[in-house]
Structures are given as structure tokens and as C-alpha cells.
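[1] Sequence below, structure please.
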Amino acid sequence: MKCMRPAGLKLARMGIWAHCPRMGTGTKILLVLVGLLVIAGLLTVSSYNGLVGLQQGTDAQWAQVQNVYQRRADLVPNLVNTVSGAANFEKSTLIAVTDARASVGRVQLPAGAAPTDPAQLAAFEQAQGQLGSALSRLLVVSEQYPDLKATANFRDLQAQLEGTENRIAVERGRFNDTVRAYDTAIRRFPAVILAGMFGFTSRPYFSSTPGSDTPPKVQFDFNNAAPTKS
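    Below you'll find the model as predicted:
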């Protein structure tokens, strides 16, 4: 028999509702539990998808970092070839640039993803820092060679290198921003539980290289053919 609502308040007070079946306590508890499970499932899916998105963001930004570093590495052979044509150019500077570029290629990093091991990122950063320092010294030394500076090819390569260094700084900063957002997310509740379950691990940041804000100092000894670094 279907339970119908009484036509008036007076009938309700007379107990007309007494014949209507009522939901048991066990059924109510079951429905509450089902509702909680549904909500928990939706929150879990949303949190997991959010972590995946942030992780993919760090990997994508890492690819941008590698692109700009590769662009700098690609400029090195042409730059070295151009500079080596200058008479009496300091050979040790060219050797330092060539060796530093080779050391960059020897750093092993995981393919297609940002590094999760701080030691790997530190090795990558150290190798890139050595190359950057060697290139900075080359440009400073080249100031003593007017004929070289007047070469259109050298000026073009110098402008490309300076532009690349600016891009590197920008992409490194963006990478740190994406890693910061990701690392913060995996430490928040309830995402921290999912991070442990599904292997979302923290990513290391780029750190400021000691002395990177100070340009290389070169002292020229005009009594000798080659300048020396102070």
C-alpha cells in the first residue's frame, strides 16, 4: 500500500501516518556510507588527476629547459670555429669551451621526464655551469680582438648566445615555479596519501650557482701574448 500524505494537519495529528512503513536505521546507515564512498571516490579521482596534471607540467617545462640548453650547445661549434680563426687567440679558452661542452653530453638523465634525483640535477647543473663560465670567459677575452669583434658572423653568434642565456634564465625560473606547485600539492592532504600510493615523488629545484651573479674577471697582461684569468 502506497503511503499518502494526509489531506490536512488535523488528520496527521490523529495518527494517520502510523500505517506508513518507515525506513530502518540500518538502511539509513547504509545509504550514508554509500554516499560517503561516492564522495570519497570523486575526491580521489579529482586529486589524482590534479597530481597527474602537475607532474606532466613539470616534465613539459623540463623539456623547455633542455631545449634552451641544447640551443646553447649547438651554438658552441660555430662559435669556436669562428673564434679559432683569429690570430693569436688564447687557445686555452677554446679548449675549456670544447671540454665543457663535452662534459655536458656525458651527464646521464632520465629520458622524457624531469629528474627526481637531486644528485642528477646537481650534476647536470654543474656541467652546464662550467660551459656557461667557459663561454663567458671566451666573450670577455674576445674583447681584446678588434678584428674578431668586427666580424659579422661573430657578432651574430654573440647575439644569439646572449639571447640564449636570457632564455635559459627564464626557463629555469619557470621550471622552479612548476616544481614548487607540484611539490606543494603532493604534500597536502588528502593528496599526500595518493602520492605515496601511486609513486608521486618530489622533484628537485634548480639552485643558484655560487658566483653566477658575478661576471668573470680577466686581467690582461699586455707584455705577453695571452691574457690570464685573475
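
[2] C-alpha only now, for contacts and for neighbours.
    OK.

[3] hey, which helix or strand in this protein has the poorest pLDDT?
    The helix or strand of the chain with the lowest confidence, counting by mean pLDDT, DSSP states H and E, is strand 218-219 at a mean of 38.

[4] contacting residues around stretch 200-208?
    51, 114-118, 121, 125, 172, 175-176, 179-180, 182-183, 186, 194-195 (Cα atoms under 8 Å, 6 or more residues apart in numbering).

[5] Distance of residue 88 relative to residue 95?
    Look at residue 88 and residue 95: by Cα to Cα, to the nearest Å, they are 14 Å apart.

[6] oh sorry, the question was meant for residue 183
    Taking Cα to Cα as the measure, residue 183 and residue 95 are separated by 40 Å.

[7] biggest helix in the chain by residues?
    Longest helix in the chain, counting residues (DSSP state H): helix 25-84.

[8] Can you list the residue ranges for strands in this protein?
    Here the chain has its strands, by DSSP state E, at 218-219, 228-229.

[9] Centre of the chain to stretch 125-142, how far?
    Relative to its parent chain, stretch 125-142 has a centroid offset of 22 Å by Cα atoms, centre = their mean, to the nearest Å.

[10] about what we covered before: so between residue 183 and residue 95, which is more surrounded?
    Set side by side, residue 183 and residue 95 give different neighbour counts by other Cα atoms under 10 Å, the larger being at residue 183 (20 against 13).

[11] got the contact list for the more buried one?
    When contacts are taken as Cα under 8 Å, 6+ apart, residue 183 is in contact with 202-203.

[12] okay, it: pLDDT?
    According to the prediction, residue 183 has pLDDT 95.

[13] Check residue 96 too.
    At residue 96, the model reports a pLDDT of 94.

[14] okay, which residue is most central for the chain?
    Within the chain, the residue whose C-alpha comes closest to the C-alpha centroid is residue 175; the distance, by Cα atoms, centre = their mean, is 2.9 Å.
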